[in-house]
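Asks: Got a sequence here, can you model it:
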Amino acid sequence: MRLLRVVAVLGVVLILASLLVVSIARARRRSYTSGCAGNLRVLWTCQMNYAVQHGGPLKAMPDATGSEFWRALEKTSPPLIEENEREIFLCRHREEGRVGEIDYFGPGVPVQRLANADPVGCDDPRNHGGDGGNVLRKSGDVLEYTAVDLDTLLKTHPTPPRR
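Replies: Reported below is the predicted structural model:
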């Protein structure tokens, strides 16, 4: 009888521990996704600074598209993203990311042609392991998308973000 109680208590403890491990893994994924959203917001703020400092009388952003849009932040003099700040380009979900790479998609067309609700950047869906990701709109807000919605946006939007 006593052995049965010990086994039952151990079973309950193991079940609770497994639930805790699942919760910790979910919280970790959420924090990484939030980190990516923060990176996109900071990159967009840097692009706003680019427009003010280097965009001429029209306060234009770079005409580059895809990830080259973000790389323009390193090419100014002085650079808006310095060498020691390059981790801002990396997705936290990707363990093998190297400083100097850019994990975020940029606009599919020059930003000046986009409306406020149009996407100008997003996570690379491959980095989030099918969990969806974040989409940065020209208005500056970042929305979290499910994997299906992000895939639909990238395939059907007239001007989707691209690598």
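
Asks: Show me the residue sitting in the middle of this protein in space.
Replies: Centrality entry for the chain: nearest residue to the mean C-alpha point is Cys36, 3.5 Å, by C-alpha atoms, centre = their mean.

Asks: tell me which element that one is part of?
Replies: Following DSSP states H and E, one finds Cys36 within helix 2-54.

Asks: Show me what that helix packs onto, helices and strands only.
Replies: Contacts defined by 3 or more C-beta pairs under 8 Å, 6 or more residues apart in numbering; DSSP states H and E place helix 2-54 against strand 104-105, strand 119-123, strand 133-137, strand 142-145. The C-beta positions use only the backbone N, C-alpha and C, and glycine is treated the same way.

Asks: C-terminal to the last one, which secondary structure element comes first?
Replies: I take that to be strand 142-145. helix 147-156.

Asks: remind me which residues of this structure are low pLDDT?
Replies: Under the criterion pLDDT under 70, the flagged ranges of the chain are 97.

Asks: quick one, phi psi at the nearest residue to Thr45 once chain neighbours are set aside?
Replies: Nearest residue to Thr45 in three dimensions, chain neighbours excluded: Gly140, at 8.0 Å (C-beta to C-beta, 6 or more residues apart in numbering). With angles defined as degrees, to the nearest 10, Gly140 sits at phi 100, psi -10.

Asks: now swap in Asp131 and tell me
Replies: When read as degrees, to the nearest 10, the backbone of Asp131 gives phi -90, psi 10.

Asks: Spatially nearest residue to Thr146 (excluding sequence neighbours)?
Replies: Distances taken as C-beta to C-beta, 6+ apart put Gly132 closest to Thr146, at 4.4 Å, once the chain neighbours are dropped.
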